[in-house]
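Asks: heads up, no residue letters with this:
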Ligand SMILES: [Zn+2]
Ligand SMILES: [Zn+2]
């Protein structure tokens with residue numbers, strides 16, 4: 001699915017990671033990744049964050065789709081650092097909080113008319129079902145590449161809205177103590193222990209037993 005983009009993208013010049021870096025991280029180029037890339041750049045520009053990592057940012061993503069990978073790479077908000085929170089509401093909405101600036105913006109991705117969407121969707125189903133033939137497969141990846149290119153090049157206003165919102169970031173991930181689950185004997189963060197029949201066990205052991 002990877003496509004090589006050999007032309008210059010609008011403003012990746014130096015200041016922010018290039019889209020190609022996101023493709024390497026994500027594993028393929030796709031419209032979702034391009035969307036996340038544009039959202040991250042729009043947010044960082046609106047917040048006046050010159051480069052990634054030079055300021056503490058927190059991102060709340062309301063989807064867990066491909067775009068989140070571009071956001072992690074561009075903003076430095078990552079799942080492992082705890083400054084990326086995913087509430088999968090199935091919405092292309094991303095809120096970014098800049099701690100030092102005490103400022104936050106909400107990015108909403110607009111629903112755009114895509115003439116080839118129906119064809120792309122039906123081809124995608126076939127690709128995932130493994131029933132696609134060579135011509136259809138080529139067509140699918142061609143359409144995907146076109147859609148990705150377009151998303152990287154269209155003016156920002158056509159693609160998304162940026163709204164300043166109150167600075168009210170989610171709490172940072174707290175540091176957990178490690179305890180040993182009495183059932184499986186495996187180490188687990190104390191805050192994740194669950195009580196089953198009056199006994200504290202890990203989440204896996206708390207699952208209903210299937211017999
Ligand atoms: Zn993808
Ligand atoms: Zn256990």
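Replies: Cool, got the structure. All values reported here derive from a predicted model rather than from experimental measurement. Ligands and ions are numbered 1, 2, ... in the order given.
Asks: where in this structure is pLDDT low?
Replies: For the chain, residues meeting the criterion pLDDT under 70 lie at 1-14, 51-55, 172-175, 210-211.
Asks: Could you tell me which residues of it lie near ligand 2?
Replies: Applying CB under 5 Å from the ion, we find that the chain lies next to ligand 2 at 181, 183, 184, 202, 205. From N, CA and C alone the C-beta is placed, and that goes for glycine too.
Asks: residues touching the third one, list them.
Replies: Taking CB atoms under 8 Å, 6 or more residues apart in numbering as the criterion, residue 184 is in contact with 201, 202, 204, 205.
Asks: Apart from its chain neighbours, what residue comes closest to the residue nearest the centre of the chain?
Replies: A centroid search over the chain (CA atoms, centre = their mean) returns residue 68, at 0.8 Å, as the residue closest to the centre. In space, and not counting its chain neighbours, residue 68 is closest to residue 61: 5.2 Å by CB to CB, 6 or more residues apart in numbering.
Asks: just residue 87 next, same as before
Replies: That would be residue 62: by CB to CB, 6+ apart, it lies 5.5 Å from residue 87.
Asks: and what of residue 66?
Replies: Closest to residue 66 by CB to CB, 6+ apart is residue 32, at 3.2 Å.
Asks: Find the helix or strand that that neighbour is a member of.
Replies: Taking DSSP states H and E as the criterion, residue 32 maps to helix 31-47.
Asks: which residues are contacting that helix?
Replies: Outside of helix 31-47, the residues within contact range by CB under 8 Å, 6+ apart are 11, 16, 19, 22-23, 26, 52, 57, 65-71, 74-75, 92, 94, 96, 98, 101, 103-105, 107, 109, 144, 147-148, 151-152, 156, 159-160, 162, 164.
Asks: 6 Å - rerun?
Replies: Identification of contacts with helix 31-47 by CB atoms under 6 Å, 6 or more residues apart in numbering yields 16, 19, 22, 26, 65-67, 70-71, 74-75, 94, 96, 98, 103, 105, 107, 109, 147-148, 151-152, 156, 159-160, 162.
Asks: got it, and stretch 148-166?
Replies: With CB under 6 Å, 6+ apart, stretch 148-166 has contacts from 9, 29, 31, 34-35, 38, 42, 46, 104-109.
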